[in-house]
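J.: this one's structure only:
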């Protein structure tokens, strides 16, 4: 097997992960604080590199919203450093004995939390991910093997350089962060197939990235997928409260995965609720089924595609259902397994919805916007998993670890 | 998207999984006991079908060991039924509140264990897997979507028919077990790509199956991989005890994944240990490095390939190392992340080995043969995972579940 440049980067990340895996919490926290310091100290250098990225993007006619996500300021660099200091303050998941027991033959078995090893992340324009992902990976004892986009390459190089120097200064291997600078599509595919070096890949990006991972990846991965989130207003809902929840879930930040995309209303409250919702959601383009349109004329006609679409915009689909069963079936048909909410005062409706809806998070009487590592109290997140294996929902430090069985005997053999 | 026959089977399994997911433990246990009864009642029919499989295999000149694994007897059918009854006696993992907490804003968050949904298993000749996998899946609230080999098709059909009738008799959907009867390679590839219907695939088979999964699967999977397991005899080992452990780990059942394949000995005890080991391992072909051969002449020359090979036979590689560091590096280089054992009386050696060796199970002073669902006390296993995501080590009922966040509020919205 010939060694490619990417292979060599993987080998370096693996070697660093062996050291990080047994580093003490104190050593990792010192390194996190050191990286924060170096990063702030090099603000000018980082901003200069970022200027080059922003200049290229602007010159290429990139959309303003994309350029905005790319652009750093001194305050944003300070916020990245703050994030690293905050991660230093979180509890270390590594070494936790998750459970332990003794078998009849005297064997003592402990299930111990250990780092994954090398965590790879593929991400798009936002350069702060370089720092955020690195911080969480390091705290959980993993080497971060990061591949950002070509548009952010200068910024990522400057940030990674500062972080590597900080780690190194604190006595841990600089290869705790290995940045892939080759950003071609072919290199991305090769990156997804480094089974020898990568223990977990977190692809953070759009549908084409996820499709490429499903098709080509041979490394284990956790999908941070779409959120086609619903709010179901039950026949027993507090309509006042439901209104606030729907408006918040849809409009508080429409561009994120835990924003609501679809409103499902029980027939018996549709006449009372839909006109008020349409007025409270002024500015949101509503598209709905026939029943919803017959009640509220401002709702345009929806296609089945609309019900399956994550708009990430001020647009929302509306469906009227005849029963809780129908509501659950609708949500399970069109949902993406992210976050689904019910507004109800009825215990049985709440229990059935939370039991029968198949999603990472099921929410009763609150906004869908709470599915988030910070909001859950994890102190940060590397993504929100919409798959069922390994991690489901917000992925914090704990989801960046695995477990190992430590079995201790005094000569036991099998008979 | 056109619906293929396999798609239709997947759709049925998904529909059944929705019912099983909220079935009570009592209902599932009743169904397990009913299937055991029907299975025993139909022993003659199952054995007749099995005779057809065995006849075809024998006629085709299949190796005796393979035919042996295919062959059923009345006692083996009874053992399958017993297995189902035992699973009925295990604790139900579904509904367990893994943890729960309340956020400052009053949101109550619970992490609740729920079934995966549809669990797909691809397996080779042994028809008892049909029953074993089904039992564990059902208990954990999952539909079992099973694809055995063409060689066992008649047996699997008869067993699956009995199990489906048993489930149905007990009032749960017969599609709790959906058997794929199309056993072509193309159908296997299609099976691995049913993302809409399959929540977790467990491939149980050889290297070519695993390679096909890595290359083609788009469904989430847990790899039940090779076990190139080592026993390291430390300089501080109790040599008498180490001898028993090595002999047991190598010879008690050489054909299984948790059997030892490699012996690593510290230089300072090699002269005392190797001749005794060679004599105790009479009948085992030993291949070793230069240092081991210079001490024990019956050891043949090993290649690097030998150190990386899971022999699954009465053959063992031998290496002499100069330090614990070298031993750990050797194990991490050649191991497959399954089970690695150290024999030592020294606390520091034991602690370093268990911390620094990267494997699902690290064993101190006991045989590698204990890495097993039954031996760990899980009451059964659907495989032994050698990957780090989701499950690592023996996969019991709990590993056939995922978690869901249930978030309960009283009108909370994000600001």
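T.: It's in. If you're wondering where the values come from, they're calculated on a predicted model, not measured in any experiment. Numbering: from 1, shown residues only, chains lettered A, B, ... in the order given.
J.: name the helix or strand for the residue nearest to residue A:296 when sequence neighbours are not counted, please.
T.: Nearest residue to residue A:296 in three dimensions, chain neighbours excluded: residue A:274, at 4.3 Å (Cβ to Cβ, 6 or more residues apart in numbering or on different chains). Backbone N, C-alpha and C define where each C-beta goes, glycine included. Assessed by DSSP states H and E, residue A:274 sits inside helix A:267-280.
J.: which helices and strands does that helix pack with?
T.: Contact partners of helix A:267-280 among helices and strands, from 3 or more Cβ pairs under 8 Å, 6 or more residues apart in numbering or on different chains; DSSP states H and E: helix A:239-251, strand A:260-266, helix A:290-295, strand A:315-321.
J.: residues from the stretch 251-400 of chain A in reach of chain B?
T.: Contacts of the stretch 251-400 of chain A with chain B, taken as Cβ under 8 Å from any Cβ of the partner chain, map to A:252-253, A:332, A:350, A:354-356, A:358-367, A:369-371, A:375-377, A:387-390, A:392-393.
J.: mind redoing it with 7 Å?
T.: Counting by Cβ under 7 Å from any Cβ of the partner chain, the stretch 251-400 of chain A comes close to chain B at A:252, A:354-356, A:358-367, A:369-370, A:376-377, A:387-390, A:392-393.
J.: low-scoring stretches of the stretch 1-150 of chain A, by residue?
T.: Residue ranges of the stretch 1-150 of chain A with pLDDT under 70: A:1-3.
J.: which stretches of it form strands?
T.: A:97-102, A:108-115, A:118-122, A:143-147 (DSSP state E, counting those that start in this stretch).
J.: any of the residues of the stretch 251-400 of chain A next to chain B buried? List them.
T.: The neighbour-count criterion (16 or more other Cβ atoms under 10 Å in any protein chain shown) marks A:252, A:354-356, A:358-367, A:369-370, A:376, A:387-390, A:392-393 among these as buried.
J.: out of these, list just those in strands.
T.: Among these, the ones falling in strands (DSSP state E) are A:361-366, A:393.
J.: now do the contacts for the residue in the stretch 101-250 of chain A that chain B sits nearest to.
T.: Nearest to chain B in the stretch 101-250 of chain A, going by Cβ to the nearest Cβ, is residue A:248, at a distance of 3.6 Å. Residue A:248 is in contact with A:367, A:369, B:413-414, counting by Cβ atoms under 7 Å, 6 or more residues apart in numbering or on different chains.
J.: of those residues, closest to residue B:306?
T.: residue A:369 (57.2 Å; Cβ to Cβ).
J.: interface residues of the stretch 101-250 of chain A facing chain B?
T.: So the stretch 101-250 of chain A meets chain B at A:101, A:103, A:107, A:109, A:116-117, A:199-200, A:214, A:218, A:220, A:222, A:241, A:244-245, A:248 (Cβ under 7 Å from any Cβ).
J.: let me know the closest of those residues to residue B:179.
T.: Of all those, residue B:179 sits closest to residue A:214, with 26.2 Å by Cβ to Cβ.
J.: give me phi/psi at residue A:413?
T.: Residue A:413 adopts backbone torsions of phi -130, psi 160, taken as degrees, to the nearest 10.
J.: quick one: residues contacting it.
T.: Counting by Cβ under 7 Å, 6+ apart, residue A:413 touches B:244-245, B:248, B:367.
J.: in TSV, list those residues along with distance to residue B:170 and pLDDT.
T.: Formatted as TSV, the contacts of residue A:413 follow (distance: Cβ to Cβ, whole Å; pLDDT from 0 to 100):
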residue	distance to residue B:170	pLDDT
B:244	47	98
B:245	45	98
B:248	42	98
B:367	40	98
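J.: quick check: the two most widely separated of the residues you listed?
T.: Going by Cβ to Cβ, the pair spanning the contacts of residue A:413 furthest: B:244 and B:367, at 8.3 Å.
J.: quick revisit: which of the residues of the stretch 101-250 of chain A next to chain B are buried?
T.: Neighbour-count burial (16+ other Cβ under 10 Å) is assigned, among these, to A:107, A:109, A:116-117, A:199-200, A:214, A:218, A:220, A:222, A:241, A:244-245, A:248.
J.: so residue A:85 sits against residue A:36, correct?
T.: Yes. At 5.0 Å, residue A:85 and residue A:36 qualify as touching, with contact defined as Cβ atoms under 7 Å.
J.: between those two, tell me which one has more neighbours.
T.: Neighbours were tallied for residue A:85 and for residue A:36 using other Cβ atoms under 10 Å in any protein chain shown; the higher tally belongs to residue A:36 (25 against 15).
J.: thought the more buried one was touching residue A:86?
T.: No. Applying Cβ under 7 Å as the test, residue A:36 and residue A:86 come out as separate, 9.5 Å apart.
J.: how many residues are close by the residue nearest to residue A:308 when sequence neighbours are not counted?
T.: Leaving aside its chain neighbours, residue A:308 sits nearest to residue A:334 (5.3 Å; criterion: Cβ to Cβ, 6+ apart). For residue A:334, the neighbour count with other Cβ under 10 Å is 19.
J.: what about the closest residue to residue A:191 other than its chain neighbours, how many neighbours?
T.: Spatial nearest neighbour of residue A:191, excluding adjacent residues (Cβ to Cβ, 6+ apart): residue A:147 at 5.7 Å. Using other Cβ under 10 Å, residue A:147 has 23 neighbouring residues.
J.: with the one 5 residues further on instead?
T.: Summarising burial for residue A:152: neighbours were counted as other Cβ under 10 Å, giving 27.
J.: and the pLDDT at it?
T.: pLDDT for residue A:152: 96.
J.: ditto for the one 3 residues further on
T.: The model reports residue A:155 with a pLDDT of 97.
J.: my guess is it contacts residue A:69, does it?
T.: No. Residue A:155 lies out of contact with residue A:69 (Cβ under 7 Å); the separation is 11.2 Å.
J.: and these two? Which one has more around it.
T.: residue A:155 (27 against 16).
J.: please list all residues in contact with that one.
T.: Going by Cβ under 7 Å, 6+ apart, residue A:155 touches A:46, A:49-50, A:53, A:72, A:127.
J.: please produce TSV containing those residues, extended by neighbour count and distance to residue A:265.
T.: Shown next, in TSV, are the contacts of residue A:155 (neighbours: other Cβ atoms under 10 Å in any protein chain shown; distance: Cβ to Cβ, whole Å):
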residue	neighbour count	distance to residue A:265
A:46	27	49
A:49	22	50
A:50	23	46
A:53	25	45
A:72	24	43
A:127	31	42
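J.: just give me the closest of the residues you listed to residue B:12.
T.: residue A:127 (47.8 Å).
J.: need the nearest residue in space to the closest one, chain neighbours excluded.
T.: For residue A:127, the closest residue by Cβ to Cβ, 6+ apart turns out to be residue A:155, at 3.9 Å.
J.: if I look at the one you found, how far off is residue A:248?
T.: Separation of residue A:155 from residue A:248 (Cβ to Cβ, to the nearest Å): 33 Å.
J.: same check, this time on residue A:195
T.: For residue A:195, the distance to residue A:248 - Cβ to Cβ - is 43 Å.
J.: how about residue A:201?
T.: 33 Å.
J.: before we move on, what about residue A:54?
T.: When distance is defined by Cβ to Cβ, residue A:54 is 33 Å away from residue A:248.
J.: got phi/psi on residue A:287?
T.: Dihedral pair for residue A:287: phi -130, psi 130, per degrees, to the nearest 10.
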